[in-house]
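# just to be clear, the model below is a prediction. Sequence and coordinates:
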Amino acid sequence: MGHSVLVVPVPALEPFVRSRWAHYEPAWVSADPAFTHAHVTALAPWREAPDPQALATVARVAAATPAFGFALTGVEAFPDGTIHTPPEPAAPFAELTARLWAAFPDCPPYAGEFADVVPHLTLDRASTGVDVDSVRVGLGATLPAACVAEALEWHWYDEGDCHVRARWPFA
C-alpha cells in the first residue's frame with residue numbers, strides 16, 4: 001500500500017539518490033520526470049486522500065514560506081544506520097515541519113516514532129560495504145552543494161507508481 005509525503009525537493013543530489021534507489025529498490029524508482037528522489041521530508045506520513053481544504057492549507061503554508069538557501073556539506077549516520085546529509089541551516093526545515101504538523105495534528109512527523117525530528121536528506125543505509133566514508137567517496141564532488149528550497153511537493157510512494165501529486169512554490 002502506498003503512502004503520501006510532503007517534501008522539499010533537492011535536485012542537486014538527485015543523480016546520486018536516484019542511483020541508490022535503483023540499486024536497492026528499482027520498482028520504487030519513479031518514471032515521473034517531476035519526481036525528485038532526493039528531498040528533505042517536511043511531513044510524513046501525510047494524508048493519503050486529502051480533501052480540498054487540506055490541499056488549500058498546504059498551499060497557504062507554502063505561500064507563507066519564503067524560498068531559502070541552504071548548504072549540504074557533511075555526511076552523517078543516525079543510530080538506525082540511515083546515512084544522510086543535514087541541511088545547514090536546519091531551522092527553516094524544522095519550522096516548516098512544525099507549521100505543517102500544527103496544521104495537521106493527525107499527522108505527526110514520522111508517525112511519532114522520533115522524539116526529536118532532525119531535518120536531513122537520506123543518502124543510503126549502512127550495510128556491509130556501505131558506511132559514511134564509502135558514501136562520502138561515492139558522492140565525489142557532489143558535496144558541498146549550495147541549494148535553494150523553492151517549493152513544497154506532495155509525493156506519492158507506491159511500488160511501480162511513485163509520482164508528484166502537487167507542487168506549491170514558496171514565496
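Yep, that arrived. Residues are numbered from 1 along each chain as shown.
# quick one, strands of the chain?
3-9, 39-46, 68-72, 76-77, 82-85, 87-88, 121-125, 145-149, 151-157, 163-169 (DSSP state E).
# list the buried residues of stretch 8-18.
8, 9, 10, 12, 13, 16, 17, 18 (16 or more other C-beta atoms under 10 Å). C-beta here means a position set from N, CA and C on the backbone, and glycine is covered the same way.
# how far does it stretch from start to finish?
16 Å (C-alpha to C-alpha, to the nearest Å).
# what's next to it, contact-wise?
29, 36-40, 42, 72, 85, 93, 96, 121-123, 138-139, 142, 145, 147, 149, 151-153 (C-beta atoms under 8 Å, 6 or more residues apart in numbering).
# would you mind writing the CA trace of stretch 87-106 as PDB?
Presented in PDB, the C-alpha positions along stretch 87-106 are these (Å, rounded to 0.1, in the frame of the first residue of the first chain):
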ATOM      1  CA  PRO A  87      20.900  20.900   5.700                       C
ATOM      2  CA  GLU A  88      22.600  24.000   7.000                       C
ATOM      3  CA  PRO A  89      20.800  25.800   8.400                       C
ATOM      4  CA  ALA A  90      18.300  23.200   9.500                       C
ATOM      5  CA  ALA A  91      16.000  25.800  11.200                       C
ATOM      6  CA  PRO A  92      13.900  26.700   8.100                       C
ATOM      7  CA  PHE A  93      13.100  23.000   7.500                       C
ATOM      8  CA  ALA A  94      12.300  22.400  11.200                       C
ATOM      9  CA  GLU A  95      10.000  25.400  11.200                       C
ATOM     10  CA  LEU A  96       8.200  24.200   8.000                       C
ATOM     11  CA  THR A  97       7.700  20.800   9.600                       C
ATOM     12  CA  ALA A  98       6.300  22.500  12.800                       C
ATOM     13  CA  ARG A  99       3.900  24.600  10.800                       C
ATOM     14  CA  LEU A 100       2.600  21.600   8.800                       C
ATOM     15  CA  TRP A 101       2.300  19.500  11.900                       C
ATOM     16  CA  ALA A 102       0.300  22.300  13.600                       C
ATOM     17  CA  ALA A 103      -2.000  22.400  10.600                       C
ATOM     18  CA  PHE A 104      -2.300  18.600  10.500                       C
ATOM     19  CA  PRO A 105      -2.100  17.300  14.100                       C
ATOM     20  CA  ASP A 106      -3.300  13.900  13.000                       C
END
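# that'll do, ta.
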